[in-house]
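S.K.: Quick one: sequence plus predicted model below, questions after.
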Amino acid sequence: GIQVEQSPPDLILQEGANSTLRCNFSDSVNNLQWFHQNPWGQLINLFYIPSGTKQNGRLSATTVATERYSLLYISSSQTTDSGVYFCAASYNDMRFGAGTRLTVKP
Amino acid sequence: DTGVSQDPRHKITKRGQNVTFRCDPISEHNRLYWYRQTLGQGPEFLTYFQNEAQLEKSRLLSDRFSAERPKGSFSTLEIQRTEQGDSAMYLCASSFTHYEQYFGPGTRLTVT
């Protein structure tokens, strides 16, 4: 199956800083998603982005499918951005990375 | 659209007992997926259905696990003879073909 690697595993920021989370995947995909997992375990959809660039407020994402990586950008981070961010990629069965744990300090 | 729902939200059982979880997908979605997540890890794929057909099963899905989606709508995941290692969050998701997956709130299983 597809292998998904995320970096960095942990990230600590001051409020207002920008950050970039990276996701590498090992094979061709027809689905790539970014999620934020809240403290209760719910996976919140951030982006469905098998290729190209999308933006939603302070968040944006870019996937370069030919080079098998995706980036999630968080600008002007807020304490409410804290939590675990997962990248997941699939051709049929979806594989998740180990996540990036983001802590935003006030 | 009420989203993906799962029942129960929490289950505590004794080792050796059988448990069954239910997932109701988004109504127009034809694919339904089951995942398992342990503490500090990302979700791991278990199995998925397209309509009522089970198309793929992970090697993680031992003989004690069985999943069904009898009418192509809701799905059940049964674990027989539970073990302490089965303690985890069980997540269900649905999608229209290979497009964006939407997750339910999960069922947290604790085996004592």
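M.R.: In hand now; what should we look at?
S.K.: So which bits of chain B are right by chain A?
M.R.: B:33, B:35, B:37, B:41-45, B:48, B:55-56, B:58, B:89, B:91, B:93, B:98-103, B:105-106, B:108 (Cβ under 8 Å from any Cβ of the partner chain). In short, each C-beta sits where N, CA and C put it, glycine included.
S.K.: Now, of those, which are buried?
M.R.: Burial by neighbour count, 16 or more other Cβ atoms under 10 Å in any protein chain shown: within the residues of chain B next to chain A this picks out B:33, B:35, B:37, B:42-45, B:48, B:58, B:89, B:91, B:93, B:98, B:100-103, B:105-106, B:108.
S.K.: Just want the most central residue of chain B.
M.R.: residue B:34 (3.6 Å; Cα atoms, centre = their mean).
S.K.: which secondary structure elements does the host helix or strand of residue A:88 contact?
M.R.: With secondary structure defined by DSSP states H and E, residue A:88 is part of strand A:83-90. Judged by 3 or more Cβ pairs under 8 Å, 6 or more residues apart in numbering or on different chains; DSSP states H and E, strand A:83-90 is in contact with strand A:4-7, strand A:19-25, strand A:31-37, strand A:69-74, strand A:94-96, strand A:100-105.
S.K.: Tell me how far the first one lies from the chain's centre.
M.R.: Averaging C-alpha coordinates over strand A:4-7 and over its chain gives two centres that are 9 Å apart (Cα atoms, centre = their mean, to the nearest Å).
S.K.: cool, stretch B:79-87 as well?
M.R.: Between the centre of stretch B:79-87 and the centre of its chain there are 14 Å (Cα atoms, centre = their mean).
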